[in-house]
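> Predicted model follows, preceded by the sequence.
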Amino acid sequence: MAKLGSIQLLRALAAWAVVLGHIGSQATTILGKTDALGVFLYRATQSYVHAGVDLFFVISGFIIFIVTQTPRQTDRFRECADFTTKRALRIFPLFWITFFVTVLPQEAFHWWDWRTWWRQLTLIEPPINHGVAWTLVIELRFYFLVALLLILFRRGLSYGYAVLSVTILACCGFAFYGGLPSSSFTSLHLIEFVMGVVIAGLVSSKVLCFAKTAFLMGAVWMAMSVAFLFKSAVPDFAGPYLAGAHYAVDIQTFRVFGFGIPSALMVYGLVGLELRSAIRIPRVMVAAGDASYSVYLWNTVILTVFEIPFGATGIPGLFGFYAATIASVAAVGWVSYRCIERPLMRIAHRIPWDRLAAKSSLSICTRATPDEPAGPRCQ
C-alpha cells in the first residue's frame, strides 16, 4: 500500500484545530474586555478544539493496529522492546524539551520536589505546567496495553486486539457507572482508540464500501457536534475576562459520541477514498501532517510568549495576535520536526534489534498521532 496522505491530512487538521482553539481562548484577554466578539471566538474555538484531540486518538488506534500486524522481530520480547523503544523516542524527547521551556520561567515551580519531577517527566500523571501533555498520558496507556498484546498474542494479534477492545469497553463502562475507580486506564478516550482499531481492521481486510458516504456523514456529524457544543457552552467569567466554560452536557461522554464516532467515519472514508484512487492529497498537507506533533506541543509555549506584546490592544491586536501566533507555530513546528523529530526517527530505526526480513503487506508510511514515525521512514 502506498503512503496514506489522507492520514497526514487528518493529522494536520486535528493539530491546527487544537492550535486555533488555544488561540481563541485568549481572545478576551487580547481585546481587553469581554464583548460579544471575544465570547463568540472563545465558545467557537473551545468547541472544535475537543474535536481535534478526539480525532488524534482515533487515528492513533488506526495506525498502531496497522503497524503491529506483521512481526518485525524474531521473538515476542524483542517485538515488544522494538515497539516500546520507538514509541518512547517519539514521545519523550520532544515532550521534555517543551516541558522545560514551559517551566523554566515559572518561579513558583517546585524544583526541589523530585517526586513531582519524576511523575511528570515520565508522564505517570499529567504535567500541570504543560497544556496539552495530558493527551500523551492517555496515549501511553494505550501503547502499554498494545505492548502487552505483542507478548501475549504473538500468533494471532488480531484476536488480541479484539480482546483488548472488549476489555477497554467493559472497563470504561464499569468506571462510568462507578464500578471501577476513575483513572487514565479507564478514561472514555480509550474508546476512541478502539474505534481506530475497528476501522483499521476493516481497511486491512479490504472492506472499503461506502467510503464517500462515510466521510460525508462523519464531516456533517462533526460539524453538528461542534455547533451543539457551541450552543451548550456556558462561559465562566473572572472579572472582565473569561476564566473558562462549562457545558450543559457531560462533556466527556458527549465527546465519545459527538466527536469520536464521526472521527472514525472520516478516517475510514478518507482512507478508503485514497486507497481507491478517488482523491489525491496535496503535498503541502502531507508536509503539515509531518510537523503536526511539533505543532501540537509547541503551540502553548508560543502562545504564552505572544500574550505579553499583544495584551489589551483591541481588534487590530487580535488579528495581529492570530497572524503572528499562527505563523510562529508553523515555523517553529517545521524546524522542530526537521531538527529534532527526524533525527530521532533515524535513531529509532538504527537500533540493532534482531530484525525479520519480512515486510508488512499493509505499509502506511505516515504518522498518525503525536508519536508515530512519518514519511518514507515508516515502520
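Arrived safely, thanks for sending. Residues are numbered from 1 along each chain as shown.
> give me the low-pLDDT residue ranges for the stretch 101-250 of the chain?
Counting by pLDDT under 70, the stretch 101-250 of the chain contains low-confidence ranges at 104-112, 236-244.
> Spatially nearest residue to Phe306 (excluding sequence neighbours)?
Nearest residue to Phe306, sequence neighbours excluded (CB to CB, 6 or more residues apart in numbering): Thr325, at 5.2 Å. Quick note: C-beta positions are derived from backbone N, CA and C, even for glycine.
> Which residues does the strand or helix carrying that neighbour contact?
For Thr325, the host element (DSSP states H and E) is helix 314-336. When contacts are taken as CB atoms under 8 Å, 6 or more residues apart in numbering, the neighbours of helix 314-336 outside the stretch itself are 19-20, 23, 26-27, 30-32, 37, 94, 287, 291-292, 294-295, 297-299, 302-303, 306, 310, 313.
> Just the ones of the residues you listed in strands?
Restricting the contacts of helix 314-336 to those inside strands, with DSSP state E as the criterion, leaves an empty set.
> List buried members of those by neighbour count.
Neighbour-count burial (16 or more other CB atoms under 10 Å) applied to those gives 19-20, 23, 26-27, 30-32, 94, 287, 291-292, 294-295, 297-299, 302-303, 306, 310.
> In the stretch 251-379 of the chain, where is pLDDT below threshold?
Those would be 307-308, 311-312, 352-379, if you go by pLDDT under 70 across the stretch 251-379 of the chain.
> in the helix or strand that Arg346 is a member of, what counts as buried?
Using DSSP H and E, Arg346 falls within helix 342-350. Judged by neighbour count using 16+ other CB under 10 Å, the buried positions of helix 342-350 are 342, 344-345, 348-349.
> Over to stretch 247-257?
Judged by neighbour count using 16+ other CB under 10 Å, the buried positions of stretch 247-257 are 247, 254-256.
> Next, the angle helix 314-336 makes with the helix holding Arg346.
Angle between the axes of helix 342-350 and helix 314-336 is 30 degrees (criterion: axes from the mean of the first three to the mean of the last three CA atoms, to 10 degrees).
> Could you export helix 342-350 as PDB, keeping only the C-alpha atoms?
Presented in PDB, the C-alpha positions along helix 342-350 are these (Å, rounded to 0.1, in the frame of the first residue of the first chain):
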ATOM      1  CA  ARG A 342      13.500  13.300  12.000                       C
ATOM      2  CA  PRO A 343      16.900  12.600  13.700                       C
ATOM      3  CA  LEU A 344      15.100  10.700  16.400                       C
ATOM      4  CA  MET A 345      13.300   8.600  13.800                       C
ATOM      5  CA  ARG A 346      16.600   7.700  12.300                       C
ATOM      6  CA  ILE A 347      18.000   6.700  15.700                       C
ATOM      7  CA  ALA A 348      14.900   4.600  16.400                       C
ATOM      8  CA  HIS A 349      15.300   2.600  13.200                       C
ATOM      9  CA  ARG A 350      19.100   2.000  13.700                       C
END
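> helices or strands up against it?
The contact analysis (3 or more CB pairs under 8 Å, 6 or more residues apart in numbering; DSSP states H and E) places helix 342-350 against helix 76-103.
> Send me stretch 132-144 as PDB with only the CA atoms.
Once non-C-alpha atoms are left out, stretch 132-144 reads as follows in PDB (Å, rounded to 0.1, in the frame of the first residue of the first chain):
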ATOM      1  CA  VAL A 132      -1.500  19.500  26.000                       C
ATOM      2  CA  ALA A 133       0.600  16.800  27.600                       C
ATOM      3  CA  TRP A 134      -2.400  15.200  29.300                       C
ATOM      4  CA  THR A 135      -3.200  13.600  26.000                       C
ATOM      5  CA  LEU A 136       0.200  11.900  25.900                       C
ATOM      6  CA  VAL A 137      -0.700  10.300  29.200                       C
ATOM      7  CA  ILE A 138      -3.700   8.600  27.600                       C
ATOM      8  CA  GLU A 139      -1.600   7.700  24.500                       C
ATOM      9  CA  LEU A 140       1.000   6.000  26.700                       C
ATOM     10  CA  ARG A 141      -1.700   3.900  28.500                       C
ATOM     11  CA  PHE A 142      -2.900   2.600  25.100                       C
ATOM     12  CA  TYR A 143       0.700   1.800  24.000                       C
ATOM     13  CA  PHE A 144       1.300   0.000  27.200                       C
END
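> Would you mind pulling the contact partners of it?
Contact with stretch 132-144 is made by 18, 53, 56-57, 60-61, 64, 83-84, 87, 91, 95, 99, 123-127, 184-185, 187, 189-190, 193, 296-297, 299-300, 369-371, as judged by CB under 8 Å, 6+ apart.
> can we see that at 7 Å?
Contact with stretch 132-144 is made by 18, 53, 56, 60, 87, 91, 95, 123, 126-127, 184-185, 187, 189-190, 193, 296-297, 300, 369-371, as judged by CB atoms under 7 Å, 6 or more residues apart in numbering.
> Spatially central residue for the protein, please.
In the chain, the centroid-proximal residue (CA atoms, centre = their mean) is Phe56; its distance is 3.4 Å.
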